[in-house]
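Engineer: Let me see the structure of the following:
(one chain, ligands or ions: 2)
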Amino acid sequence: MGKTFDIGLDRLTGAGVPAIETTAGGGLKPPLQEAGTFYLETFGCQMNEHDSEKVAGVLLARGYRQVETPEAAKVILYNTCSIREKAAQKVFSRLGELRPSTVDSRQATAREGERGFNTEDAEEGHRGHGDASVDQNGMRVAAGAQPGMAVPQGGMLNTRKLVNAAGGKIIGVLGCVAQQEGEEIFERAPWVSLVCGSASYRKLPQLIAELEAGNRRVTGLDTDTEETFETEITRRDNPFRAYLTIIEGCDKACSYCVVPFTRGPERSRASASILDEVRQLAEMGYSEVQLLGQTVNSYADPSGRKMRFSELLVAVAEVPGIRRVRFTTSHPRDFGKDIVEAIEAYPAICDHVHLPVQSGSTAVLRAMARTYTRQEYLEKIALVKAARRAISITTDIIVGFPGETEKDFAETLSLMEEVQYDGAFCFKYSPRPNTPSLTMEDALPEEEKSRRLAILLDRQREIQRAKNEKLIGVVLEVLVDGKSRKPGQWSGHTSSNRVLNFSSQAENILGDYVQVRVVSATPNSLVGEMVKSGQR
Ligand code: 5AD
Ligand code: SF4
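Structural biologist: Ligands and ions are numbered 1, 2, ... in the order given. Got it, this is the predicted structure:
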């Protein structure tokens, strides 16, 4: 079985994409004159992937055309992730590749030494943000920047020279690194001229226009706006699964996490607006939607309807044409029986819950400020396991949190054993700027974190192998979302979100729901053969 699958459909990206795209309502926007080209690369989580769909939508609607390489683009954008040090470093590697050749190499080298450019393992310090002023549009403009004026950066590099040297390109950093580092990005990579966090994406065309008008540096760094949800046009990349953010930001304040800082406080989208968009998606032909939020089940309907999260799940599942509803990520504190009951009652709500535990030790959970004990978490798991329909459970785990003893780690292993997760994302603790755990004592050496991570991953792999092998012989429904280069080989996802690679001589079944018998299993996927074709 080949490992790589083509998506098999035009992924709606690249030079072949017309400047004008379908609106969320399925209608076509009137043609505009091409405003320029943009390249957009995304790092990190599904929320970021979906944010990039919104960014692309906003730019396409303004007449920009998306291209596949930075070389072909006038505007180069990186949508970044800062959840762990390595993720945050990636964007600086990319920016290093774009360094204009005329940069004073002496100065650039000095900066790299100071901040660890291009190196995956560079240390990230705890830094504040530079001062900024607010212009009349509510956009933050780098201190000292004036429209039409090159900003001398404290005797550092000549920005105008750099912008010109970069071929007149506009280079922008979006997302969590933008929010976290703010204007310090300009210091570190002076050829960047745009820094914009997720709450300000609607302003992107305006920010780019300011740059084109001669402003050298612009920022959009507010986090407390409602605007994230108001993007009218989203250019969706995935033709089978439509993502929808229903709650932005996070109020939980886990002691290791940058998200409350980079994405701001929790803001929920009105239920009627969510349901309108789901109806539009169904009309466009989407049958699977995934509701997104850092803590999706903390959803609090801001409208008079005051829909609970579980009621919203049901309302989405009842939209004609919707056959699968997913949601991620759930926080254990807000996970209740009503969610399990909704899954039981509505087959369209997928039998999968992602419930990050982070640690199996109550002492570590307390230090992490996770707001639940091991016992309380296990009670939530018991609710899921008691469901009439089997529901798969996946999780996130952090090893090597400051002060995690061998005994604490053994408790995480024993919890993993007890729950028998269907999947687990395991991470080494990574100290992050602006987080309470940054200054905690008893940090663990890297080697010890790696040792614990390897033990965890090995054990989880065996659990998954055993769980997947139990599915051999079972017939599962699959939404076909990939076609192999090898003829007759397809790929899809089960309701439990397992990848199932299967053989079928049928033609053009992409987007269909088909029945597949599992014939073999690995820890990460299933292999099968189609026993019954289906429909879209
Ligand atoms: N170090 C390691 N892992 C982290 N996560 C979040 N912050 C950190 C950190 N500082 C993990 C958590 C979270 C997932 C998205 O990333 O497990 O659930
Ligand atoms: Fe981060 Fe905790 Fe919020 Fe998840 S719940 S985004 S881990 S602060």
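Engineer: Okay, the closest residue to Gly44 other than its chain neighbours and Val177: tell me how far apart.
Structural biologist: Setting aside the residues directly before and after it, Gly44 is nearest to Cys81 in space (CB to CB, 6 or more residues apart in numbering), at 2.6 Å. Quick note: C-beta positions are derived from backbone N, CA and C, even for glycine. Per CB to CB, to the nearest Å, Cys81 is found 7 Å from Val177.
Engineer: which residues do these two both contact?
Structural biologist: Common contacts of Cys81 and Val177, defined by CB atoms under 8 Å, 6 or more residues apart in numbering, comprise Ala88.
Engineer: higher neighbour count, these two?
Structural biologist: Val177 (28 against 22; other CB atoms under 10 Å).
Engineer: Assign that one to helix, strand or coil.
Structural biologist: Put simply, Val177 is helix when judged by DSSP: H, G, I helix; E, B strand; the rest coil.
Engineer: any idea how far it is from ligand 1?
Structural biologist: 14 Å (CB to the nearest ligand atom, to the nearest Å).
Engineer: before we move on, what about Thr412?
Structural biologist: The gap separating Thr412 from ligand 1 is 12 Å, by CB to the nearest ligand atom.
Engineer: Quick check: the residue of the stretch 101-250 of the chain nearest ligand 2.
Structural biologist: Distances between the stretch 101-250 of the chain and ligand 2 by CB to the nearest ligand atom are smallest at Cys250, namely 3.3 Å.
Engineer: Hmm, I typed the wrong one, I wanted the stretch 301-450 of the chain.
Structural biologist: With CB to the nearest ligand atom, the shortest gap between the stretch 301-450 of the chain and ligand 2 falls at His331, namely 5.2 Å.
Engineer: and that residue, what does it touch?
Structural biologist: So His331 contacts 252, 295, 297-298, 356 (CB under 8 Å, 6+ apart).
Engineer: Within reach of ligand 1, which of the residues you listed are there?
Structural biologist: Pro356 (CB under 6 Å from any ligand atom).
Engineer: so which of the contacts of His331 would you say is closest to ligand 1?
Structural biologist: Comparing those against ligand 1 with CB to the nearest ligand atom places Pro356 closest, at 4.2 Å.
Engineer: so who does that closest one touch?
Structural biologist: Counting by CB under 8 Å, 6+ apart, Pro356 touches 329-332, 395-397.
Engineer: again with Tyr39
Structural biologist: Counting by CB under 8 Å, 6+ apart, Tyr39 makes contact with 66-70, 72-73, 75-77.
Engineer: Which of those are buried? Put it as a PyMOL command.
Structural biologist: Those of those that count as buried under 16 or more other CB atoms under 10 Å are selected in PyMOL with:
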select buried, resi 66+67+70+73+75+76+77
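Engineer: Select from the contacts of His331 the one having the most neighbours.
Structural biologist: Neighbour counts for the contacts of His331 peak at Asn297, which has 27 neighbours (criterion: other CB under 10 Å).
Engineer: Spell out the residue ranges of the strands in the stretch 251-400 of the chain.
Structural biologist: With DSSP state E, counting those that start in this stretch, the ranges of strands along the stretch 251-400 of the chain come out as 267-268, 288-292, 324-328, 352-354, 392-399.
Engineer: closest one to ligand 1 among the ones you listed?
Structural biologist: Across those, ligand 1 has its closest neighbour in strand 392-399 (3.3 Å, CB to the nearest ligand atom).
Engineer: could you give the angle of the closest one to strand 324-328?
Structural biologist: Angle of strand 392-399 versus strand 324-328, following axes from the mean of the first three to the mean of the last three CA atoms, to 10 degrees, is 20 degrees.
Engineer: quick one: strand 392-399 near ligand 2?
Structural biologist: No - if you take CB under 6 Å from any ligand atom as the test, strand 392-399 misses ligand 2, and the best it gets is 7.8 Å.
Engineer: now for that strand, which elements pack on it?
Structural biologist: Applying 3 or more CB pairs under 8 Å, 6 or more residues apart in numbering; DSSP states H and E, we find strand 392-399 packed against strand 352-354, helix 374-385, helix 406-419, strand 423-428, helix 446-469.
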